[in-house]
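[1] all I have is the shape, not the residue letters:
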């Protein structure tokens, strides 16, 4: 009995020391990480609004949308959309015209695979979606992409997650604008 | 001493000779900068956990050594992960899930079991450094071959440190960017490193 208590105590002390060390470090790093994430979102917002001013953030306006901002009051919307990729949840921010067409989009938080799904963080990746969602539908599978299919090959599930989120956003914008 | 320090490169290279840590070797060796970042993170965790485990080797009873080692290794990995997220965001973003996965990297638990649990702190630190160098050399070698053949580039810094190889950059052999290509490269490099090891031993 004593021996078990002894082992448990030793393991407990190691665990407690580890927890203490990590909480001290986390105390320093957490505000830095939070500030950096907020900075990243702000930078993305400036790019996405293409020179206009995004309005105040409105949180959770619909299912699958974390936040939305109106662009200059009535020029369109910027949405922070939740999707699901190969490595779990991912976040896409996208700006839409009032007709639901995509102006620009960026992949934000994600756990996609380095060298494959992660490539979607590259701004060029989102070119395949720009202008779609209005009269032209958002490309939903690889055959809709034509010669752009190389951009997404090797990361089909990431593409599916992003396109799902973007087209959902487009539909919501159309709904809000009564189209 | 010097011989011990460099044993990780050829004689006991963790990837090619001990065949440890193959999962990250395949996963993050698509570009050279990822390989360097992963090597640095692994190096820090390896050094920290080897030293602490060696320090505590007489305090940790045999029955509970695996959970104790895992707690120590996981703490170092979490430490590296949050520090990287805070101060090296670009690297943290590009390595993503593979940083937390260092916890289950066989090199680290393997060295804790095989070396740090039986040797002095100094010797364990030297072992960690040697293995860290070996892992870095191996991982960078794989990444260099894969990136040159698979993408036609050498990425040292993602912003502005990309060398493009004319001819290959336009028409790369895509297979090397995929896991199958990684296995092919690891196989050839393994043969090469073992041959080198035999030649230098004679």
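    That came through, no problem. All values derive from a computational prediction rather than experimental measurement. Numbers count the residues shown, from 1 in each chain, chains lettered A, B, ... in the order given.
[2] so the spatially closest residue to residue A:132 that is not a sequence neighbour, which of the three states?
    Closest residue to residue A:132 apart from its sequence neighbours, by Cβ to Cβ, 6 or more residues apart in numbering or on different chains: residue A:138 at 4.7 Å. Where C-beta positions appear, they are placed from N, C-alpha and C, glycine not excepted. Recorded secondary structure, residue A:138: coil (DSSP: H, G, I helix; E, B strand; the rest coil).
[3] got the residues of chain B near chain A?
    B:27-28, B:30-31, B:34, B:56, B:59-61, B:63-64, B:67-68, B:71-72, B:74-75, B:78-79, B:82-83, B:85-87, B:89, B:93-98, B:177-178 (Cβ under 8 Å from any Cβ of the partner chain).
[4] go again with 7 Å.
    Within chain B, the positions near chain A by Cβ under 7 Å from any Cβ of the partner chain are B:27-28, B:30-31, B:34, B:59-61, B:63-64, B:67-68, B:71-72, B:75, B:78-79, B:82-83, B:85-86, B:89, B:94-98, B:177-178.
[5] picking that back up, what are the phi and psi values at the residue nearest to residue A:132?
    Note on residue A:138: its backbone torsions stand at phi -60, psi 130 [degrees, to the nearest 10].
[6] what residues does stretch A:35-48 touch?
    The contact list for stretch A:35-48, computed with Cβ atoms under 7 Å, 6 or more residues apart in numbering or on different chains, reads A:54, A:69, A:78, A:93, A:95, A:103-104, A:106, A:108, B:89.
[7] burial measure for residue A:143, as a count.
    When neighbours are counted by other Cβ atoms under 10 Å in any protein chain shown, residue A:143 registers 8.
[8] any idea how far it is from chain B?
    Distance from residue A:143 to chain B, counting by Cβ to the nearest Cβ, to the nearest Å: 20 Å.
[9] which one is residue B:69 nearest to, not counting chain neighbours?
    residue B:112 (4.9 Å).
[10] just residue B:100 next, same as before
    Distance criterion Cβ to Cβ, 6+ apart; nearest residue to residue B:100, sequence neighbours excluded, is residue B:81 at 5.8 Å.
[11] so which strand or helix has the one you found?
    helix B:65-87 (DSSP states H and E).
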